[in-house]
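Peer 1: Below are the sequence and a predicted model; questions follow.
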There are 2 protein chains.
Amino acid sequence: MDKQKQIRNISFIGSGNVASHLALAFIKEGLNIAEVYSPTVAHAKQFAQQVDCDVVNGPNSLNPNVDLILVSVPDSIIREAFEGLQKSEGIIAHTSGFSSIEVLSSAKHFGVFYPLQTFTKNKEIDLSDVPFCIEGNNQEIEALLKELAGKLSKDVQYINSEDRRYLHLAAVMVNNFTNHLYHIAGDILKEKGISLDLLLPLIRETANKIKTLGPEQAQTGPAKRNDTSTISEHEKMLSNLPEYRELYHLISMQIRNKYHG
Amino acid sequence: MDKQKQIRNISFIGSGNVASHLALAFIKEGLNIAEVYSPTVAHAKQFAQQVDCDVVNGPNSLNPNVDLILVSVPDSIIREAFEGLQKSEGIIAHTSGFSSIEVLSSAKHFGVFYPLQTFTKNKEIDLSDVPFCIEGNNQEIEALLKELAGKLSKDVQYINSEDRRYLHLAAVMVNNFTNHLYHIAGDILKEKGISLDLLLPLIRETANKIKTLGPEQAQTGPAKRNDTSTISEHEKMLSNLPEYRELYHLISMQIRNKYHG
């Protein structure tokens, strides 16, 4: 690739939440979204309307000479998703936290463009402080992808595939699993006719305080205090929700072991 | 008690995080902290210095005629903590999420003053949107406590003891247990030499997005997608942290059952 080149024309394989949030952010920066292919045709059409680009009906039909083709599909189908584009002069990069850069190694130029954030439909996100984890098959590709990420965020880092995999695992813990706890709290309160909204200030403060304290210092509560009578009362209160009681027990024991083990 | 009366003079039994945050907030509102008793004398002295009040060496030595004595001690010792003050003309109220108002029923005037928030040493908190859950042994006491809470927060509610107990349980889920997940994430990343700071934007967005979406809509990730191969890879990555692997497995199965059960 031409060293003076910048990434200006981008196509997408996949049209889910990550793809559409990124595409909209690129457009805001004056970049051009050329084409999209998605196995889910209805999604592709919606995406194309949002970002004003063309839909093609197979990865082979994508123009192989755009600057970048972003592959934003489930991990299990990344490898097959760019088949036929191996000779593309553009960069092929995926947006996965989990998959190695090596799944793309049959391409001429390839990399990883992973925004460490949760993207949800119809919920706009400020990308400016989202860490972008970048890899490239060589330094030139890495630099081009970093420059592109730098247009969206002030936190752009080289992270190798192994470290990114652990970041992704940790992200599942603090995002998906935390959200499951919110879900449980909502279920517990719903039975009593109480709105989860009452917990929003607490939820916000819980997230805020680890910025200054770190999770070890931030911990409070019955398990931290080794208050076994409150723990066993809580477990009784969950007797009609045995799945949640099991989870309550496991986490309480883990917290207790950390501080009183 | 005199119906025209307002609460102006407050003493504390207990001098932990909840007590000291509340006392400092009361002072800002021009109220007077009279005395403190704490089983932990060193804490009591620190508290007294912070809020400029007197330390007494037993609950019996507290002036029984202040407007309010706030009992902010572990649940298991609330009942004994105010012994000798049963005839106090002031209100005796505890700050616990868990204990019933009835533990104070031997007092003349009693109630509950529970701020639904996590308080940590040396971390100031804006109380203005913190829900204060109030109970009183009659409407007059409830009104006095509500008026007091209203000086600190715009969200003051009557919540009965039974509902408050479930709120407290839900609070343990979204605060203590979520913080444990942050702790786990930090441990996983520490092994790789990666800072937990990289996850802060994700942690913040996870907390923010349930305001608009609710936890059921907000869920994403491998378990939500029923992506069993990523789940089993993650479990392999945790093979040297068996406690965390067990927790990963349990929560992933619960999320999967919610969406694909």
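Peer 2: Received it, and whenever you're ready, just let me know what you need.
Peer 1: For the stretch 51-200 of chain A, which segments count as helices?
Peer 2: Here the stretch 51-200 of chain A has its helices, by DSSP state H, counting those that start in this stretch, at A:78-81, A:139-152, A:161-171, A:178-190, A:200-213.
Peer 1: Pull out the buried positions in the fourth one.
Peer 2: Same thing as helix A:178-190. Using 16 or more other C-beta atoms under 10 Å in any protein chain shown as the burial criterion, the residues of helix A:178-190 that qualify are A:Thr178, A:Asn179, A:His180, A:Leu181, A:Tyr182, A:His183, A:Ile184, A:Ala185, A:Gly186, A:Asp187, A:Ile188, A:Leu189. The way it works is simple: take the backbone N, C-alpha and C, and place the C-beta from them, glycine included.
Peer 1: so what's the fourth one scoring on pLDDT?
Peer 2: By that I understand A:Leu181. Here, the pLDDT recorded for A:Leu181 equals 98.
Peer 1: need the contact list for it.
Peer 2: B:Met173, B:Val174, B:Phe177, B:Thr178, B:Leu181 (C-beta atoms under 8 Å, 6 or more residues apart in numbering or on different chains).
Peer 1: Can you give me the distance of the closest residue in space to A:Thr95 that isn't next to it in sequence to A:Phe98?
Peer 2: Distances taken as C-beta to C-beta, 6 or more residues apart in numbering or on different chains place A:Ser72 nearest to A:Thr95, at 4.4 Å, with adjacent residues excluded. Computed as C-beta to C-beta, to the nearest Å, the A:Ser72 to A:Phe98 distance reads 13 Å.
Peer 1: again, but for A:Thr220
Peer 2: Distance of A:Thr220 to A:Phe98, given as C-beta to C-beta: 33 Å.
Peer 1: Contacts for stretch A:50-57, please.
Peer 2: A:11, A:20, A:23-24, A:27, A:33-37, A:41, A:44-45, A:47-48, A:62.
Peer 1: neighbour-wise, which of those leads?
Peer 2: Neighbour tally across the contacts of stretch A:50-57 (other C-beta atoms under 10 Å in any protein chain shown): the maximum, 29 neighbours, falls on A:Val36.
Peer 1: and it, how far is that from chain B?
Peer 2: Here A:Val36 is placed at a distance of 21 Å from chain B (C-beta to the nearest C-beta, to the nearest Å).
Peer 1: three-state assignment of that residue?
Peer 2: Applying DSSP: H, G, I helix; E, B strand; the rest coil to A:Val36 yields a three-state assignment of strand.
Peer 1: thinking again about what came up before, contacting residues around the residue nearest to A:Thr95?
Peer 2: By C-beta under 8 Å, 6+ apart, the contact set of A:Ser72 is A:Phe12, A:Ile13, A:Gly14, A:Ser15, A:Gly16, A:Val18, A:Ala19, A:Leu22, A:His94, A:Thr95.
Peer 1: do A:Asn226 as well
Peer 2: A:Arg256, A:Tyr259, A:His260.
Peer 1: quick one: which of the residues you listed has the most company?
Peer 2: Busiest of those [other C-beta under 10 Å] is A:Arg256, holding 18 neighbours.
Peer 1: Take the contacts of A:Asn226 and lay them out in JSON lines including pLDDT, distance to chain B and secondary structure.
Peer 2: Converted to JSON lines, the contacts of A:Asn226 look like this (pLDDT from 0 to 100; distance: C-beta to the nearest C-beta, whole Å; DSSP: H, G, I helix; E, B strand; the rest coil):
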{"residue": "A:Arg256", "pLDDT": "97", "distance to chain B": "11", "secondary structure": "helix"}
{"residue": "A:Tyr259", "pLDDT": "96", "distance to chain B": "11", "secondary structure": "helix"}
{"residue": "A:His260", "pLDDT": "94", "distance to chain B": "14", "secondary structure": "helix"}
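Peer 1: Let me know the closest of these to A:Ile7.
Peer 2: The closest of the contacts of A:Asn226 to A:Ile7 turns out to be A:Tyr259 (C-beta to C-beta; 49.1 Å).
Peer 1: for that closest one, what are its contacts?
Peer 2: Taking C-beta under 8 Å, 6+ apart as the test, what A:Tyr259 contacts is A:Gln219, A:Ala223, A:Lys224, A:Asn226.
Peer 1: before we move on, the earlier item: return the most buried member of the helices of the stretch 51-200 of chain A.
Peer 2: helix A:178-190 (a mean of 23; mean count of other C-beta atoms under 10 Å in any protein chain shown).
Peer 1: quick one: that helix to chain centroid distance?
Peer 2: Relative to its chain's centre, helix A:178-190 lies at 21 Å (C-alpha atoms, centre = their mean, to the nearest Å).
Peer 1: Leaving out chain neighbours, which residue sits closest to the residue lying farthest from the centre of chain A?
Peer 2: Computed with C-alpha atoms, centre = their mean, the residue of chain A farthest from its C-alpha average is A:Ser229, at 39.2 Å. Spatially, and ignoring its direct neighbours in sequence, A:Ser229 is nearest to B:Ser76 (6.1 Å; C-beta to C-beta, 6+ apart).
Peer 1: rewinding a little: how would you label the residue farthest from the centre of chain A: helix, strand or coil?
Peer 2: Strictly by three-state DSSP, A:Ser229 counts as helix.
Peer 1: Report the separation between it and B:Tyr37.
Peer 2: According to C-beta to C-beta, A:Ser229 and B:Tyr37 sit 23 Å apart.
Peer 1: Can you give me the pLDDT of A:Gln86?
Peer 2: 86.
Peer 1: just A:Phe26 next, same as before
Peer 2: As predicted, A:Phe26 sits at a pLDDT of 98.
Peer 1: my read is it is in a helix, agree?
Peer 2: Yes: assessed by three-state DSSP, A:Phe26 belongs to a helix.
Peer 1: check contacts around it.
Peer 2: A:Phe26 neighbours (C-beta under 8 Å, 6+ apart): A:Ile10, A:Ile33, A:Lys151, A:Leu152.
Peer 1: still on that earlier bit, nearest to B:Ile125, of the contacts of A:Leu181?
Peer 2: B:Val174 (16.1 Å).
Peer 1: Tell me how many other residues crowd the closest one.
Peer 2: Counted with other C-beta under 10 Å, residues neighbouring B:Val174 total 27.
Peer 1: Hmm, A:Pro201 and it touching each other?
Peer 2: No: assessed by C-beta atoms under 8 Å, B:Val174 is found out of contact with A:Pro201, at 10.7 Å.
Peer 1: Of all the residues in stretch A:227-238, which ones are buried?
Peer 2: Neighbour counts over stretch A:227-238 (16+ other C-beta under 10 Å) mark A:Asp227, A:Thr230, A:Ile231, A:Glu233, A:His234, A:Glu235, A:Met237, A:Leu238 as buried.
Peer 1: now it, how far from the centre of its chain.
Peer 2: Average the C-alpha atoms of stretch A:227-238, do the same for its chain, and the two points are 35 Å apart (C-alpha atoms, centre = their mean).
Peer 1: neighbouring contacts of that stretch?
Peer 2: The contact list for stretch A:227-238 (C-beta under 8 Å, 6+ apart) reads A:188, A:222-223, A:244-245, A:248-249, A:252, B:74-76, B:98, B:165-166, B:169, B:172.
Peer 1: can you rerun that using 10 Å?
Peer 2: Stretch A:227-238 is contacted by residues A:184, A:188, A:221-223, A:225, A:244-249, A:252-253, A:255-256, B:74-76, B:96-99, B:165-166, B:168-169, B:172-173 when judged by C-beta atoms under 10 Å, 6 or more residues apart in numbering or on different chains.
Peer 1: I would like a ChimeraX command selecting only the buried ones among those, please.
Peer 2: Burial among the contacts of stretch A:227-238 is assessed by 16+ other C-beta under 10 Å; the matching ChimeraX selection reads:
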select /A:184,188,221,222,223,225,244,245,247,248,252,255,256 /B:74,75,96,97,98,99,165,166,168,169,172,173
